[in-house]
Structures are given as structure tokens and as C-alpha cells.
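Q: I would like the atomic coordinates for the input below:
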Amino acid sequence: MINELLSKKKKLAVIGLGYVGLPIALEFGKKISVIGFDINEKRVNMMKQHIDPSNELESKDFDGSDIHFTADINELKEASFFIVAVPTPVDKHNVPDLKPVLSASATIGKVLKKGDYVVFESTVYPGCTEEDCLPVIEQISGLKMGVDFKLGYSPERINPGDKEHTITKIKKVVSGCDAGSLDIIARTYEIIVTAGTHRASSIKVAEAAKIIENTQRDLNIALMNELSRIFDLMGINTYEVLAAAGTKWNFLKFYPGLVGGHCIGVDPYYLTYKSLELGYNPEVILAGRRINDDMGAHVARKLVQQLIKLNKQVTLTKVLVVGATFKENVSDIRNSKVVDVIEELKRYSVQTEVTDPLADAEEFMHEYGITLRKDFGKDYDGVIVAVNHDQFSTLSDDFFKDILKPDGIVVDVKGDLRHKIKNFTYWSL
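A: Reported below is the predicted structural model:
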């Protein structure tokens with residue numbers, strides 16, 4: 001398989017060309033022949049023009065890559081090694097939504113041949129690849145895993161907005177259904193991953209490794225968020241406390257904030273779902289999720305309290321929310337917890353405006369029913385700096401003087417402005 005891929009006698013296909021799939025496909029395309037498949041024809045046409053719909057990659061990143069973009073399932077029949085990188089969200093009740101990954105499994109089932117390899121990268125709970133996805137592939141293809149084709153799992157480790165820790169530089173966890181498939185899968189990824197691979201003992205172990213990476217971060221951030229609420233009651237700044245505590249060599253540097261997106265804010269629910277299914281109530285993980293899921297509303301409530309302290313009639317106030325994506329320096333709005341801030345303000349009947357230079361206004365309206373301003377207005381009673389894009393790094397008193405009323409309030413979620421705001425009421429987590 002490896003030699004045939006390197007000689008381009010066989011092709012590798014990536015199914016799902018989002019923020020995970022596209023970088024993988026392009027990187028492999030520098031070494032072997034690749035088919036990039038996505039069901040969204042509009043996105044496919046953009047990529048054919050060297051445009052990344054996720055706004056993570058530049059046009060030059062497409063150069064020198066032997067890749068054919070398509071939305072035609074029949075063209076996948078040319079591939080012999082399949083990588084699945086579709087999203088795995090949760091629904092409004094925080095229950096795992098497996099429709100994308102099961103749909104991808106069905107797609108593979110329609111094109112799979114004897115001797116092919118299938119590797120899932122989508123984040124799932126331990127057991128999902130073999131217990132949920134595999135039966136769909138086998139039923140539709142009529143082929144048997146281990147006999148006719150091989151199955152594996154290699155969790156994605158791409159961090160949106162991070163230009164340093166890219167796919168080639170991060171050790172890749174890999175797994176296979178048997179020793180032979182593990183070796184082939186590891187060697188295939190080693191074609192592009194210079195950092196090397198870690199060969200997990202089973203597919204379930206690899207799935208679990210991914211799910212706890214983000215669960216661990218979620219719990220650490222939840223601790224910081226809880227501390228920020230305690231320190232707020234004590235009248236001390238959380239970031240000043242963390243700066244002091246961080247001088248100890250083994251102190252772990254996590255910070256409070258809004259925990260959204262499609263990884264940290266979602267993945268723990270896959271683990272807790274499976275845990276509850278098996279009869280164990282995961283108290284610590286769910287406690288962390290409850291804390292983090294409430295932080296958007298908490299930020300909004302703190303602003304409302306500050307408005308009341310200034311004797312303002314809340315229903316007559318106007319507030320600007322700066323930043324709407326799920327994290328800084330990305331355009332991705334999926335599971336943005338800034339929306340929780342906005343919705344809570346609206347519950348208090350606060351007139352709320354939102355701006356973000358990176359978010360797509362049409363997409364934001366479609367997803368959340370919220371209008372994005374293209375610029376900053378005037379005479380706000382409060383401003384919430386919710387997402388610290390680089391464009392906002394120079395914000396200062398002079399900026400806020402132009403858009404805030406003299407008795408205005410600055411809410412700085414990430415605490416980056418704490419030494420810059422002198423003339424307004426200031427609050428941060």
C-alpha cells in the first residue's frame with residue numbers, strides 16, 4: 001500500500017474538507033495523489049479556486065498539491081485509502097449527533113473495494129468507530145473488516161488559528177484493527193508527519209486519547225472560571241492572581257473564558273454520553289461542563305449588575321459586543337459562546353449590537369438570527385470585548401471614548417485591557 005501510494009498507483013481520499021480535512025488533504029497532496037471529497041459543492045468550487053472556506057489557509061497553501069476536489073461520490077471509487085474528517089457535533093440537548101460520521105460511513109460503503117483502508121479522524125466516544133460506523137460500512141459494502149478491508153482511527157490534532165502547531169509538527173496517534181493495519185496506517189501518516197506517530201494498542205484507546213485531551217482542558221478552564229467567580233466576590237482580579245501563581249515552576253497556566261467551538265465545548269459530552277450509557281454518572285466532567293456552559297450568561301449578568309449600580313434603566317441601555325467567533329483570530333462561528341452573552345442581554349431587554357471583522361455576517365444570521373454590524377456605533381452604555389482578535393489588540397481609553405458614554409462600562413472577558421482602561425468602569429473575568 002505505501003509504495004503504491006508513493007508511486008501514485010493508488011490514491012488517498014479525504015472525506016470532509018473542513019478545518020481538519022483540508023489541511024490533511026493538501027499536505028498528503030504534496031507527496032501522493034489525493035481526492036478531496038465534500039458534499040457541499042459550493043465549498044468544493046471554492047477550493048478548486050484555491051480558496052479555503054474556513055479561512056484558515058492561504059491560496060499559496062494549495063500550490064504543489066496533487067489533489068482533485070469533488071462532490072461526486074463516484075470519483076471516490078478511485079481511492080484505496082480513506083480518511084474521514086467530518087464534524088461530530090452535539091444537538092441542543094448536548095447529545096452526540098452522529099449523522100455526519102454515519103453518512104460518511106455510508107458513502108465509504110458505496111465505494112469500498114477489497115484491500116482498501118478506512119481511517120476515521122472525527123472525534124467520537126470510545127467504541128463509536130467499531131460499534132456504530134463499522135456496521136454501516138460492512139452492511140452497505142458487503143465486505144468484512146479484517147478480511148476484505150482494514151479499519152483504523154487517528155484522532156485529529158489541528159488547532160484552528162494556530163500557525164505553529166501544524167499537522168506535520170504534531171505527533172500523530174494512530175491505531176488499527178490488527179497489527180498489520182496499524183503498521184500500514186502509521187507508515188502512511190509518516191509520509192507527511194515529521195514529528196512521527198504514536199501507535200495506540202487499539203482503536204478504542206486512540207478514540208479515548210482524543211476525547212480526554214479536550215476533556216482535560218475543559219476541566220482546567222472550568223476551574224479557572226469557578227475561581228474567577230470566587231475572586232470577583234472577593235474583589236480581586238483573577239488574572240493578577242494567576243500571574244502571581246504562575247511564577248511557580250509546576251503551576252499549569254490555564255485562564256478563564258468562554259469555552260465554545262467544536263472541540264473543548266463539545267467533546268466531553270461524547271465521553272459523558274457513553275459513560276451514562278454504561279451506567280456511570282461522570283460527576284466531575286459534567287460539573288465542569290455546567291460551569292463553562294454558564295459563563296456567557298454570567299458575563300452578561302455582570303454587565304447588567306454594573307449598569308444597575310450606575311442607576312441606569314437597563315431596558316433603555318445600549319451595549320456593543322465586540323467579537324462573535326468561538327475564539328480569537330478565526331472566522332469559525334460554530335458553537336460560539338458569545339451567542340450566550342448576546343441572548344442573556346436580550347433577556348434583560350438590553351439593546352444589543354454585535355460586530356466582528358472575521359465572522360461572516362450572512363452565516364451568523366443564518367445560524368443564530370443575529371445581525372452583525374460592519375463598524376462601531378456611538379453612545380453605548382457598555383462594551384463587551386468578548387473575543388480578542390489581533391485587530392482589537394490596540395484598543396485603549398481613546399477608542400472607548402469615541403463609542404462609550406462618559407459613564408460607560410468596559411467588560412473585558414480575557415483581561416487583556418486591564419492596564420489600559422483608566423476612565424471607565426472596568427470588569428473582567
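Q: leaving out sequence neighbours, find the closest residue to residue 40.
A: residue 71 (7.1 Å; Cβ to Cβ, 6 or more residues apart in numbering). Where C-beta positions appear, they are placed from N, C-alpha and C, glycine not excepted.
Q: measure that neighbour to residue 275 for me?
A: For residue 71, the distance to residue 275 (Cβ to Cβ, to the nearest Å) stands at 37 Å.
Q: residue 66 now?
A: Residue 66 sits 43 Å away from residue 275, going by Cβ to Cβ.
Q: for this protein, what are the low-confidence residue spans?
A: Residue ranges of the chain with pLDDT under 70: 160-162.
Q: kindly report the domain assignment for it.
A: Following automatic domain parsing, one finds the domains of the chain at 2-208, 223-428.
Q: can you list the ones you listed in JSON lines and add distance to residue 216 and mean neighbour count?
A: Supplementary listing: the domains of the chain in JSON lines, determined by distance: least, Cβ to Cβ, whole Å; neighbours: other Cβ atoms under 10 Å:
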{"stretch": "domain 2-208", "distance to residue 216": "12", "mean neighbour count": "19"}
{"stretch": "domain 223-428", "distance to residue 216": "9", "mean neighbour count": "18"}
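Q: looking at these, which is nearest to residue 214?
A: Nearest to residue 214 among the domains of the chain is domain 223-428 (4.1 Å), distances taken as Cβ to Cβ.
Q: just give me the longest helix of the chain.
A: The single longest helix within the chain, with elements called by DSSP state H, is helix 203-234.
Q: for that one, packing partners?
A: When contacts are defined as 3 or more Cβ pairs under 8 Å, 6 or more residues apart in numbering; DSSP states H and E, helix 203-234 packs onto strand 150-153, strand 172-176, helix 238-245, helix 267-277, helix 283-293, helix 295-309.
Q: show me the one of these that comes nearest residue 87.
A: With respect to residue 87, and counting by Cβ to Cβ, the nearest of the helices and strands packed on helix 203-234 is helix 267-277 at 11.6 Å.
Q: can you list contacts of that closest one?
A: 88, 90, 94-96, 123-128, 210-215, 218, 281-282, 285-286, 288-289 (Cβ atoms under 8 Å, 6 or more residues apart in numbering).
Q: can we see that at 6 Å?
A: 90, 94, 96, 123, 125, 211, 214-215, 218, 282, 285-286, 289 (Cβ atoms under 6 Å, 6 or more residues apart in numbering).
Q: quick one: furthest residue from the center of this structure?
A: residue 311 (39.8 Å; Cα atoms, centre = their mean).
Q: wait, a strand at it?
A: No. Assignment of residue 311 by DSSP: H, G, I helix; E, B strand; the rest coil gives coil, placing it outside any strand.
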